[in-house]
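Participant: A predicted structure for the sequence below; I have some questions about it.
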Amino acid sequence: MTPCVLLISPGIIKWTDLDFGLPHLVSIGGYLLEKVGENRVRVEIIDLGYEGTDHAGLARLIRGFSPLLCIGVACYSSFDYMRVMALGRFLRRLFPDVPLVTGGYHASALPRDLVFDGSPFDAALPGEAERSMATLVEHLLGGGRVETPIVPHETIEDLDALPLHRWDLLRRYWPRALDIGRKFQLSLSRGCPYRCTFCMERAKGGYTWRAFSPTRALDELSHLARFTDLSAWVINLADPLFGLKRSWRREVLTGIIERRLIPRQYWTLTRSDDLSAEDVELFARARFSIGIGMESGSPRMLDIMQKGNKPEAYLGALERLARLSLQHGLNWAANIIIGHPGEDEASMRETLDVVTRLFTAGGETCGWLSIDPFRLYPGALVHEQQAEWSRTHGARFHHPEWWKSWYDGSFLAEHVDPSASLDFEGRVRFMYQHYPPLVQGILDRFRGQGTSVDRVFKRSLAEQVRLMSPEARDDLIRRAARAKAQAGARREPAAAVGFPVGLHIRDPRVRAREAAVKRLLEDGALRTEAIVEALLVVAPEPFLGEAAAEAMLRSRSSEQPEGDPPGWVGFQALALALEALNPGAGERVADLLAVRGYVAALLAHAVGEAGEVIALHPGSQVTALRLRTDLASLAQVHVRLARPLDPTGLEGPLDAAWLGAAVPRFPKRFESLLADPGGRAVAFTGPRFRPQDLVCLTRRAGALYERVLGRTQVPVVRGPGGWLVG
Amino acid sequence: MPSVQLITNGSHITPAVAARFKAAGLRSVQLTLLSAERDRHDALKGAVCFDDTVRAALDLRDAGVPVQVCFVAMAENWQDFEGVLELCYVLGVRSVSYNRMSPTGWAIHQLDRLLPLVEQVEQNLDTAERLGRAWGIRVATAMPIPPCLIRLDRYAWVQFGFCSIGSSSPNLTVDALGNVRSCNLSANILGNITQQDWATIHAQPYLHTFKAQVPAVCRGCAYEASCQGGCKESGHATFGDLRHPEPFLWQGLHGEAPTPALVTIGEPTRR
């Protein structure tokens, strides 16, 4: 059978922004099929943002593509980094002999982040990977192995040399496309000649602007129109800079109008300094909305950002666009960045004045404002020259490798003091004080196209107002204070997770579970792959119910009359406990207070089918029957009815035991059931009315040795050896 | 007397007195140190006695009389405990009695100032465990610390004591007038040894029903018999009821100092 090259997109965490299409992978796939030959290689694409599966389904899906010649995983954005590494380890474990490679923006900027001793990846393919991937595939087909860990970058100068996008490569999961997104992604050009300091585009395509010829660009759109009804989609022309050349731009826009290649809406990023009335009219007639990287209203900051050498003319062009757009009905957005290194209060005020004038000078506006904090992106000039920015402007980058954190990447990326006179808090306070009323004013004046797309624009504006609430501001400032307080403290690197995270991300329950796990990974509370896997795989909702599961994941403990065995304990304590218990494959373990069965299910996952979990259920015959039903799919779990804290009928030795309630001290009657040596028990011991110690007890030579794992408060339990007796 | 311990601020101890104590076979002399800083100690004691106390410790040590230092932890001085331990080490004192303040008398109207928080006592116990063990200073608590508020197992170096009233070795107190109380904190006079025989005094029901009277929250607790809810005399002094949670326990349950239910007659004056 023809070997398969599998290309995987990890999907994006902010799933509401999902675009359909993966043009970068489709382009690589199409190039492979043309250059290597469809008789010699197959190409499959998996978009984890759309597949909606779990890890077992993913493993089955990939095995179905066998024989595998090579797997490529896109590390497109730095926000994907940790998930790509986890996915890489998962794939390496499943397919130890299949070459595993990666590419994308992050891999282009920092290939050594992905390929190093102990990495699951054999190679990184920086830049545009069509040619390098084809060379690699030929080499593998010839019996070779991956020999170069960082494959040299080959830019495609003539995009027309690429085959038409093979959208049929998406056919397998195409039926799901419209389930989520209405936005389809496609690029008609690559590269950008400008050297904006904050942009990572240079890492991928250098500084040369290259485009399909106008004819080919229109053919690409016609080709897509044959594949899907364009009118159902917002087409995101994800070019770094759409239509750099005026003649090209006009020819393409005219062609779109003439060939009636009109979708619900086109969306793209371009510049305003070259837009005449004719261009604005063409954009409007071709049903475009355009985004303009305005970035700042301060000439000094525009100069710092390398946005051109005539900042005044640049700002004037925006004012002209604002006027012309009203005449022709073109919707546009100005993107500004607040807090770029070098920013100070004066420059923030200048920008505020300019955008206020731009959007509120007239009665109505066709434009809207998109406000972003400065974020540190690998591959950008600022990232490469952090020391210089610190020396010149006093900027401080608090998290220079933020993408190596499991949690809160969005905050960590923006946690920057822009200059010696403006710190993070000052930037946040300014932004959150001045921009919400302005954005609300723009929303009140906004004139759309009279179509359903207007709702998208208005929702975007309203969302910005909502996101810049006083509560969100205070939360950011708190997080910054906490991060500063922790600065300098020695932190272990985040655990090397080998389990895919971010699958089935549309399910809010999965998102909540993964968020809780990522938070604990980041805190260092979770370290062991098998435990992480169990916590990701076993859904708490079937055992606890929706509300209780949500509370548990937020690390709250259950509430019930004092003395009743608690239904659950907080997620953080549970994770710490499982890490300490370290239940291994084939072990015999016990949940000594299995009220709902969630922990028993987690333990069952950890010990596997060769192990045994004894769940002592402190309830009635009826609730025990229900629990047996809930756990019926786990043959290794044996539910036994028992009085709380009563080990009668339980036989040792136990490799591990979990007691999920507070007791004055670990009950002696359970001690002798622990295996000697090495039996472990985890329990909450200590006060009845205040936080207890979460302790791990290990039995050796008849004695128990205690290790305190943390302190938290969980409910106490009534029973022999419990806080309440009788 | 098989065993005698003397409690004093040390003002009248000289080398000669210390030598007499030694010859008399005193088990130990207990000196109170509320701070290792002279001014703070004197201010908290209400008397200029820090230097006397330190000198007495040295004289007693030289005479070979065992010295125990008593530290009363209050909201105002709990942070001084580490300094007191350090001073004990320097003075050669190897035994410390740690007593968290338990209000009775006029003190019940000064709870905000005097009553230490549970967290503060816990930090003191951490210090006792760490430094006591490192420096070989035994630390014992006489004032009950309820295990429902602090995990006592955490402090293997510290010896915890509970209320002795009703036990086989009660801490009965006889004052200068002959009045007998169940302990030195108790406001309840059981009798007077100048007027009654001991059997009559000891037959007072107060002593024999004391143990059975515990706060409702303590009923059914694993420590009901041993802890009894902490210092019930303090609960009696503050709320007029032995079965009311005493101030330290009350504070642990509610997170704030209680408001006393009793009015003590007159502000105490120094004579």
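Facilitator: Right, received. Where do you want to start?
Participant: which stretches in chain B count as helices?
Facilitator: B:15-24, B:38-45, B:50-63, B:81-91, B:111-114, B:118-127, B:133-135, B:198-202, B:205-209, B:224-227, B:232-239, B:247-254 (DSSP state H).
Participant: of all these, which one is nearest B:N184?
Facilitator: Closest approach to B:N184 among the helices of chain B (C-beta to C-beta): helix B:232-239, 9.3 Å. Quick note: C-beta positions are derived from backbone N, CA and C, even for glycine.
Participant: what's the angle from that closest one to helix B:247-254?
Facilitator: Relative orientation of helix B:232-239 and helix B:247-254, computed by axes from the mean of the first three to the mean of the last three C-alpha atoms, to 10 degrees: 80 degrees.
Participant: tabulate the helices of chain B (TSV), appending mean pLDDT, distance to chain A and mean neighbour count.
Facilitator: Below are these laid out as TSV (pLDDT from 0 to 100; distance: least, C-beta to the nearest C-beta, whole Å; neighbours: other C-beta atoms under 10 Å in any protein chain shown):
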stretch	mean pLDDT	distance to chain A	mean neighbour count
helix B:15-24	96	41	15
helix B:38-45	96	28	17
helix B:50-63	96	35	20
helix B:81-91	97	20	20
helix B:111-114	88	19	16
helix B:118-127	96	7	19
helix B:133-135	95	16	13
helix B:198-202	90	32	13
helix B:205-209	84	21	13
helix B:224-227	92	8	16
helix B:232-239	91	16	25
helix B:247-254	93	6	23
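Participant: so which of these is nearest A:Y432?
Facilitator: Nearest of these to A:Y432, taken as C-beta to C-beta: helix B:118-127 at 35.2 Å.
Participant: for A:R210, phi and psi?
Facilitator: Main-chain torsions, A:R210, degrees, to the nearest 10: phi -130, psi 140.
Participant: for it, name its beta-bridge partners.
Facilitator: A:R210 has these beta-bridge partners by DSSP bridges: A:R190.
Participant: and what of A:R640?
Facilitator: Beta-bridge pairing for A:R640 (DSSP bridges): A:L616.
Participant: taking the stretch 1-150 of chain B, what residue is nearest to chain A?
Facilitator: Nearest residue of the stretch 1-150 of chain B to chain A: B:C148, at 3.9 Å (C-beta to the nearest C-beta).
Participant: tell me which element the residue nearest to that residue when sequence neighbours are not counted is part of?
Facilitator: Distances taken as C-beta to C-beta, 6 or more residues apart in numbering or on different chains place A:R688 nearest to B:C148, at 3.9 Å, with adjacent residues excluded. Per DSSP states H and E: A:R688 is located in neither a helix nor a strand.
Participant: so what's A:R688 up against?
Facilitator: A:662, A:664, A:716, A:723, B:147-148, B:221 (C-beta atoms under 8 Å, 6 or more residues apart in numbering or on different chains).
Participant: how about stretch A:719-726: buried residues?
Facilitator: Using 16 or more other C-beta atoms under 10 Å in any protein chain shown as the test for burial, stretch A:719-726 gives A:719, A:721-724.
Participant: which residues does that stretch contact?
Facilitator: Among residues not part of stretch A:719-726, those counted as contacts by C-beta under 8 Å, 6+ apart are A:562-563, A:618, A:643-646, A:661-665, A:667-669, A:688, A:716-718, B:148, B:220-222.
Participant: so, low pLDDT: which residues of the stretch 151-271 of chain B?
Facilitator: Counting by pLDDT under 70, the low-confidence segments of the stretch 151-271 of chain B come to B:261-271.
Participant: what's around the residue of the stretch 151-300 of chain A at minimum distance from chain B, how many residues?
Facilitator: Closest to chain B within the stretch 151-300 of chain A is A:F198: 46.9 Å, counting by C-beta to the nearest C-beta. By other C-beta atoms under 10 Å in any protein chain shown, 21 other residues sit near A:F198.
Participant: my guess is it contacts A:M305. True?
Facilitator: Yes. Shown here, A:F198 and A:M305 form a contact pair, counting by C-beta atoms under 8 Å, at 6.5 Å.
Participant: quickly list what's touching both of those two.
Facilitator: Common neighbours of A:F198 and A:M305, using C-beta under 8 Å, 6+ apart, are A:295, A:337, A:340.
Participant: among those, which are located in strands?
Facilitator: Judged by DSSP state E, strands contain the following of those: A:295, A:337.
Participant: buried subset of the shared contacts of A:F198 and A:M305, written for PyMOL?
Facilitator: Command for PyMOL that selects the buried part of those, burial taken from 16+ other C-beta under 10 Å:
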select buried, chain A and resi 295+337+340
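Participant: from the shared contacts of A:F198 and A:M305, which is closest to A:A322?
Facilitator: A:A322 has its nearest neighbour among the shared contacts of A:F198 and A:M305 in A:E295, at 16.2 Å by C-beta to C-beta.
Participant: which residues touch the closest residue to that closest one other than its chain neighbours?
Facilitator: In space, A:E295 comes closest to A:I337 once its chain neighbours are excluded; the distance is 5.0 Å by C-beta to C-beta, 6+ apart. Contact analysis of A:I337 by C-beta under 8 Å, 6+ apart lists A:198, A:295-296, A:305, A:372-374.
Participant: nearest to A:Y173, of those residues?
Facilitator: Nearest to A:Y173 out of these is A:D372 (C-beta to C-beta; 31.2 Å).
Participant: surely that closest one forms part of a strand?
Facilitator: Yes. Assessed with DSSP: H, G, I helix; E, B strand; the rest coil, A:D372 lies in a strand.
Participant: beta partners for it?
Facilitator: Counting by DSSP bridges, A:D372 is bridged to A:I337.
Participant: count of neighbours near it?
Facilitator: Taking other C-beta under 10 Å as the criterion, the count of residues near A:D372 is 14.
Participant: that one contacts A:A334, correct?
Facilitator: No. Using C-beta under 8 Å, A:D372 is not in contact with A:A334, being 11.3 Å away.
Participant: packing partners of the lengthiest helix in chain A?
Facilitator: Secondary structure of chain A per DSSP H: the longest helix is helix A:424-445. For helix A:424-445, the elements it packs on are strand A:331-338, helix A:345-360, strand A:367-373, helix A:453-467, helix A:470-486, judged by 3 or more C-beta pairs under 8 Å, 6 or more residues apart in numbering or on different chains; DSSP states H and E.
Participant: excluding chain neighbours, what is closest to whichever residue of the stretch 51-200 of chain B sits closest to chain A?
Facilitator: Shortest the stretch 51-200 of chain B-to-chain A distance, computed as C-beta to the nearest C-beta: residue-wise this is B:R151, at 3.4 Å. Distances taken as C-beta to C-beta, 6+ apart put A:G686 closest to B:R151, at 3.4 Å, once the chain neighbours are dropped.
Participant: which residues touch the one you found?
Facilitator: Counting by C-beta under 8 Å, 6+ apart, A:G686 makes contact with A:662, A:664, A:692-693, A:711, B:150-151, B:153-154.
Participant: for stretch A:26-42, C-alpha coordinates in PDB please.
Facilitator: The C-alpha coordinates for stretch A:26-42 follow below in PDB (Å, rounded to 0.1, in the frame of the first residue of the first chain):
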ATOM      1  CA  VAL A  26      -2.900  21.900   2.000                       C
ATOM      2  CA  SER A  27      -0.100  23.500   0.000                       C
ATOM      3  CA  ILE A  28       2.600  21.200   1.300                       C
ATOM      4  CA  GLY A  29       0.300  18.200   0.700                       C
ATOM      5  CA  GLY A  30      -0.500  19.300  -2.900                       C
ATOM      6  CA  TYR A  31       3.100  19.900  -3.600                       C
ATOM      7  CA  LEU A  32       4.100  16.400  -2.300                       C
ATOM      8  CA  LEU A  33       1.500  14.800  -4.400                       C
ATOM      9  CA  GLU A  34       2.600  16.600  -7.600                       C
ATOM     10  CA  LYS A  35       6.400  16.400  -7.100                       C
ATOM     11  CA  VAL A  36       6.700  13.000  -5.500                       C
ATOM     12  CA  GLY A  37       3.700  11.500  -7.200                       C
ATOM     13  CA  GLU A  38       0.400  10.200  -6.100                       C
ATOM     14  CA  ASN A  39       1.400   6.700  -7.100                       C
ATOM     15  CA  ARG A  40       4.200   6.800  -4.500                       C
ATOM     16  CA  VAL A  41       2.800   8.700  -1.600                       C
ATOM     17  CA  ARG A  42      -0.500   9.500   0.000                       C
END
